[in-house]
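> Here's my sequence, what's the structure:
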Amino acid sequence: MKNATLRQLRVFESAARHLSLTRAAEELHLTAPAVSIQVKQLEGHAGAALFERAGRRLRLTQEGEEVLLHARGILGHIRGAEEAIAELGSLERGLLDVAVINAGDHFFPWIVAAFRRLHPGIRVRLTVQNRDELLARLAALDTDLAVISQPPDEPGHVATAFAPHPHVIAAAPGHPLAGKRRIALERIAAEPILTRERGSSTRLAMDQAFAEAGIVPRIEMEIAANETIKQAAAAGLGVGFLSAHALRQELALGSLVILDVEGFPVMRQWYVVRRSDRRLPRIAQAFERFVIDNGARLIGRDAVKPSRGKGGR
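Have a look, this model is predicted:
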């Protein structure tokens, strides 16, 4: 494979991580045919097929698994060299490459902005994805730090809690349960529930909450975006299990209310996560310490109190 290019390795790594040429194309801002060509060229250099079809999905061949392992190592070394060059001089230079789950995009830019005021010369690359995708980016050395709300189970990570993360049940103000007090979770489970997709931290928190209570919820819709869940709940399509941090604007505007459910809010923690087997760039080390020391204060206390309508008096 001596004639393989870095571009081909980057395209292949993305396609292997997503197991989708289309999603790799979206991530790399390429067309799907361009991604397919790069993969075929790399397969030509390898002398073997790197992917195979399993129904409508892609999966790696044994040769593909081997190439992926080495490709990630090569790309990691290249990225390390880029970061070392960017760090030359002082802490005021370089690239801060961080990622956050979808539920954190309502507050995390404010933390980044506060840090950047201390280090105005840095550049920032911020990625927003679900939990599984962020852990894959960490494994691929595609990001330095990830902020998630469920620490990884797999070894090789250092996860430090820095702020509480409440989850609540939200509904339209006209919902029959709005204003009711101490609603049993069994009653909520009978409602059409709007939830995030599997692989997200919010979905994991919801599954744990119902499983611990021994209750099977009635899932009406799985939606891969908090904003869509909020709009669906406001439209009366069901009740949403959401991070309280994602509801600030809707609560202020009165388009959604928090239901008073027994055992809620479900409290989790926000974690800043890094790989234990890699040395972080100096700017990422400084940002990790900044988040741990200041994250809870910058996030602030969310209004997670349930609504108290006439029905609850």
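
> Pull out the buried positions in the one helix or strand residue 287 maps to.
Here residue 287 sits within helix 282-299, counting by DSSP states H and E. By neighbour count on 16 or more other CB atoms under 10 Å, the buried set for helix 282-299 is 282-284, 286-288, 290-291, 295-296, 298-299. For the C-beta atoms, the positions are set from N, CA and C on the backbone; glycine is no exception.

> Going by distance to residue 106, which of these wins?
residue 299 (9.4 Å; CB to CB).

> Could you verify my assumption that residue 194 touches residue 223?
Yes. Counting by CB atoms under 8 Å, residue 194 touches residue 223, with 6.2 Å between them.

> Pull up the overlap in contacts between these two.
Taking CB atoms under 8 Å, 6 or more residues apart in numbering as the contact rule, residue 194 and residue 223 both touch 229, 232.

> Between these two, which is the more surrounded one?
Shown here are residue 194 and residue 223; by other CB atoms under 10 Å, residue 194 has more neighbours (24 against 18).

> For beta bridges, what are the partners of that one?
Following DSSP bridges, residue 194 is listed with bridge partners residue 221, residue 240.

> so residue 259 sits right up against residue 171, yeah?
Yes. If you go by CB under 8 Å, residue 259 and residue 171 touch, sitting 5.6 Å apart.

> intersection of neighbour lists for those two?
With CB under 8 Å, 6+ apart as the test, residue 259 and residue 171 both reach 177-178, 239.

> Looking at neighbours, which among those residues is most surrounded?
Most neighbours among the shared contacts of residue 259 and residue 171, by other CB under 10 Å: residue 239, with 27 neighbours.

> just checking, it touches residue 193?
Yes. Under the criterion of CB under 8 Å, residue 239 makes contact with residue 193 at 6.0 Å.

> buried set for the longest strand out of those in the chain?
Looking across the chain with DSSP state E, the single longest strand is strand 157-171. Within strand 157-171, the residues that count as buried by 16+ other CB under 10 Å are 157, 160-171.

> Determine the set of other helices and strands touching the very next helix or strand once past it.
The C-terminal neighbour of strand 157-171 among helices and strands, as given by DSSP H and E, is helix 185-189. Packing partners of helix 185-189 (3 or more CB pairs under 8 Å, 6 or more residues apart in numbering; DSSP states H and E): helix 201-213.

> Show me what the helix it packs on is packed against.
Secondary-structure packing of helix 201-213 (3+ CB pairs under 8 Å, 6+ apart): strand 157-171, helix 185-189, strand 193-195, strand 239-243, strand 266-275.

> Walk me through the domains of the chain.
Per automatic domain parsing, the structural domains of the chain span 6-84, 92-313.

> most neighbours per residue, which of the ones you listed?
domain 92-313 (a mean of 18; mean count of other CB atoms under 10 Å).

> all helices for the stretch 1-150 of the chain, in order.
Taking DSSP state H, counting those that start in this stretch as the criterion, the stretch 1-150 of the chain contains helices spanning 6-18, 21-28, 32-46, 62-87, 108-118, 131-139.

> Could you identify which of those helices has the lowest mean pLDDT?
Per-stretch mean pLDDT for the helices of the stretch 1-150 of the chain is lowest at helix 62-87 (a mean of 85).

> Give me the most central residue, this structure.
residue 101 (2.4 Å; CA atoms, centre = their mean).

> so what's that one up against?
Applying CB under 8 Å, 6+ apart, the residues near residue 101 are 128-131, 134, 146-149, 200-202.

> beta partners of it?
On the basis of DSSP bridges, residue 101 is bridged to residue 129.

> measure it to residue 225 for me?
To residue 225, residue 101 is 12 Å away according to CB to CB, to the nearest Å.

> if we can go back for a sec, give me the distance between the helix holding residue 287 and the centre of its chain.
Centroid separation between helix 282-299 and its chain, computed with CA atoms, centre = their mean, to the nearest Å, is 18 Å.

> Over to stretch 267-283?
The chain centre lies 14 Å from the centre of stretch 267-283; the measure is CA atoms, centre = their mean.

> With just CA atoms, put it into PDB.
This file holds the C-alpha atoms of stretch 267-283, laid out as PDB (Å, rounded to 0.1, in the frame of the first residue of the first chain):
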ATOM      1  CA  MET A 267     -30.100  13.600  37.700                       C
ATOM      2  CA  ARG A 268     -27.000  12.600  35.800                       C
ATOM      3  CA  GLN A 269     -23.700  14.400  35.500                       C
ATOM      4  CA  TRP A 270     -21.800  16.200  32.700                       C
ATOM      5  CA  TYR A 271     -18.400  14.700  32.000                       C
ATOM      6  CA  VAL A 272     -15.400  15.900  30.100                       C
ATOM      7  CA  VAL A 273     -13.800  12.800  28.600                       C
ATOM      8  CA  ARG A 274     -10.400  12.200  27.000                       C
ATOM      9  CA  ARG A 275      -8.400   9.100  25.900                       C
ATOM     10  CA  SER A 276      -6.000   7.900  28.600                       C
ATOM     11  CA  ASP A 277      -3.500   6.700  26.000                       C
ATOM     12  CA  ARG A 278      -2.800  10.000  24.300                       C
ATOM     13  CA  ARG A 279      -1.100  13.100  25.300                       C
ATOM     14  CA  LEU A 280      -3.400  16.100  24.900                       C
ATOM     15  CA  PRO A 281      -2.100  19.300  23.300                       C
ATOM     16  CA  ARG A 282      -1.400  22.100  25.800                       C
ATOM     17  CA  ILE A 283      -4.400  24.100  24.800                       C
END
